[in-house]
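[1] next one to model:
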Amino acid sequence: MGIYGFLLFWLAAESVGVPLPDEAVLLTVGFLAHEGTVQLAPAMACAATGAVIGSSISYTLGLRLGRPVVARIAARVGIKGDRLEKAESWMRRRGGVGVFLTRVLPIARNVASYAAGIAGIPPKVFYPAMVGGSVLWCVTVLTIGDLVGGHYKDILRVGGRAFFIALAVAVVGALGWLVWSWFRRRRLHP
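    Have a look, this model is predicted:
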């Protein structure tokens, strides 16, 4: 029960804006699921629930308190005012698609729900997009941890650390390219 509670709390705190690396935790818990220490389905449920709780809190604070109060709160956890303003502007232009994308992209998650609230994204748009993105992110990363867990010794034997570094660079590069391409298309064809 301890790992599940920890996972829920960690994902909620990260989604509220505390700068915590949820990717490492999700991958590790996915690996633990492969090893039989935890069960994958409850881990997925706890992670997604934590992400949804944290995002709901952030959104509600942004919606009800507005930018000045949220900017003070965000500054306490290391989120600068200009980052919040840029996120708000971006969210206002993108709406539900923006909410969904920010829940599945590693960098934007901890400020996006505040920005969606400040931008006035309606709850009927925000909640389905946020829940869908949060569930997709948590399930995907936990599943990767589970799948890689079964082959980590083979992977280390074949490529060692260099393989993992190259794989991480390739994944981050591919995601970065996809996001950049998407933004570029949106700018060229608004």
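
[2] all contacts plus neighbour counts: C-alpha atoms, from now on.
    Noted.

[3] any idea how this protein splits into domains?
    Per automatic domain parsing, the structural domains of the chain span 2-150, 151-190.

[4] please compute how far the longest one lies from its chain's middle.
    What that stands for is domain 2-150. From the chain centre to the centre of domain 2-150 is a distance of 4 Å (Cα atoms, centre = their mean, to the nearest Å).

[5] hang on, the earlier thing: output the domains of the chain as TSV; include the columns mean neighbour count and mean pLDDT.
    TSV is the format used below for the domains of the chain (neighbours: other Cα atoms under 10 Å; pLDDT from 0 to 100):
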stretch	mean neighbour count	mean pLDDT
domain 2-150	20	87
domain 151-190	12	64
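
[6] regarding Ile121, what is its secondary structure?
    Counting by DSSP: H, G, I helix; E, B strand; the rest coil, the backbone at Ile121 sits in coil.

[7] tell me the phi and psi of it?
    Main-chain torsions, Ile121, degrees, to the nearest 10: phi -60, psi 130.

[8] now it. Nearest residue, chain neighbours left out?
    Excluding its sequence neighbours, the residue lying closest to Ile121 (Cα to Cα, 6 or more residues apart in numbering) is Gly95, at 6.3 Å.

[9] that neighbour contacts Gly120, correct?
    No - checked against Cα atoms under 8 Å, the pair Gly95 and Gly120 is beyond contact range at 9.3 Å.

[10] what are the ranges of the helices in the protein?
    For the chain, the helices defined by DSSP state H cover 2-16, 22-35, 40-76, 81-104, 109-118, 123-149, 152-188.

[11] quick one: contacts for Pro68?
    If a contact means Cα atoms under 8 Å, 6 or more residues apart in numbering, then Pro68 has no contacts.

[12] from Gln39, how far out is the nearest residue to Val148 once chain neighbours are set aside?
    If the residues on either side of it in the chain are set aside, Val148 comes closest to Phe31, at 7.2 Å by Cα to Cα, 6+ apart. Going from Phe31 to Gln39 by Cα to Cα, to the nearest Å gives 10 Å.

[13] right, and Asn116 touches Ser89 too?
    I think there's a mix-up here, since residue 116 is Ala and not Asn. No - contact between Ala116 and Ser89 fails when scored by Cα under 8 Å: they sit 9.2 Å apart.

[14] residues in contact with Arg67?
    The neighbourhood of Arg67, defined by Cα under 8 Å, 6+ apart, consists of Ile118.

[15] if we go to 10 Å?
    Taking Cα atoms under 10 Å, 6 or more residues apart in numbering, we find Arg67 in contact with Leu61, Ile73, Ala74, Gly81, Leu84, Glu85, Glu88, Tyr114, Ala115, Gly117, Ile118, Ala119.

[16] ok, now Lys80?
    Lys80 touches Ala71, Arg72, Ala74, counting by Cα under 10 Å, 6+ apart.

[17] what is the nearest of the residues you listed to Leu11?
    Proximity of these to Leu11 (Cα to Cα) peaks at Ala74, which lies at 17.2 Å.
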